[in-house]
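Engineer: okay, here's the prediction I keep looking at, along with the sequence it came from:
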Amino acid sequence: MRSKRWVAAFAAATALAVVPVATAGMMHATLGARLSGMGEHGIVNLHAHAKTHKLCWTFDIHLMHALSATVRDKAGMTVAHLGHMYSAKGCATVPKHSLSLIETKPGRYWVWVATKGHPGELRGKLFAGMAHM
């Protein structure tokens, strides 16, 4: 009887150990971020289109004079530009590899919004799912 319980417990532990590995490689087409900085707050929702290499966005911020928006890694290196100039809504073509990285591990990336006086001070970490105010 004891050995049956041990086998059942081992099987359950093995199954649970595999779950994070399986979910770690999942692609997340819908991403969000809660933005803050400079006393301002807002959100951005991104939708990745893997077949066309497009990344579309919708910002909800009340920030004057936003100049541009980018997706950056934790070191601050630009991974994707969200258009040439800031736009509350839009789509941009993103390199296939960059899009794949963003979709697979969104928590490693941040959205930065730059203004003339404060480049990148309004920012937020990406997560899988939609952001809500």
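Structural biologist: Everything's here; your move. Residues are numbered from 1 along each chain as shown.

Engineer: tell me where this structure has helices.
Structural biologist: With DSSP state H applied, the chain shows helices at 2-24, 96-104, listed in chain order.

Engineer: contacting residues for residue 112?
Structural biologist: For residue 112, the contacting residues are 69-72, 119-120, 122-123, taking Cβ atoms under 8 Å, 6 or more residues apart in numbering as the criterion. Yep, even glycine has a C-beta here, placed from its N, CA and C like the rest.

Engineer: how distant is stretch 27-38 from the center of its chain?
Structural biologist: Relative to the mean C-alpha coordinate of its chain, stretch 27-38 is positioned 5 Å out (Cα atoms, centre = their mean, to the nearest Å).

Engineer: cool, and stretch 62-80?
Structural biologist: 12 Å.

Engineer: before we move on, back to that, comparing the helices of the chain, which gets the lowest mean pLDDT score?
Structural biologist: Ranked by mean pLDDT, the helices of the chain end with helix 2-24 in last place, scoring a mean of 47.

Engineer: quick one: the nearest residue to residue 36 once chain neighbours are set aside and residue 50, what's the gap?
Structural biologist: Leaving aside its sequence neighbours, residue 36 sits nearest to residue 124 (Cβ to Cβ, 6 or more residues apart in numbering; 6.5 Å). Distance of residue 124 to residue 50, given as Cβ to Cβ, to the nearest Å: 23 Å.

Engineer: so between these two, which is more surrounded?
Structural biologist: residue 124 (20 against 13; other Cβ atoms under 10 Å).

Engineer: thought that one was touching residue 41?
Structural biologist: No: the pair residue 124 / residue 41 is not scored as a contact, 9.2 Å apart, by Cβ atoms under 8 Å.

Engineer: list residues touching both of those two?
Structural biologist: Residues within reach of residue 124 and of residue 41 at once, by Cβ under 8 Å, 6+ apart, are 34-35.

Engineer: before we move on, back to that, please indicate which of the contacts of residue 112 are buried?
Structural biologist: Of the members of the contacts of residue 112, the ones counted as buried by neighbours, 16 or more other Cβ atoms under 10 Å, are 69-72, 120, 122-123.
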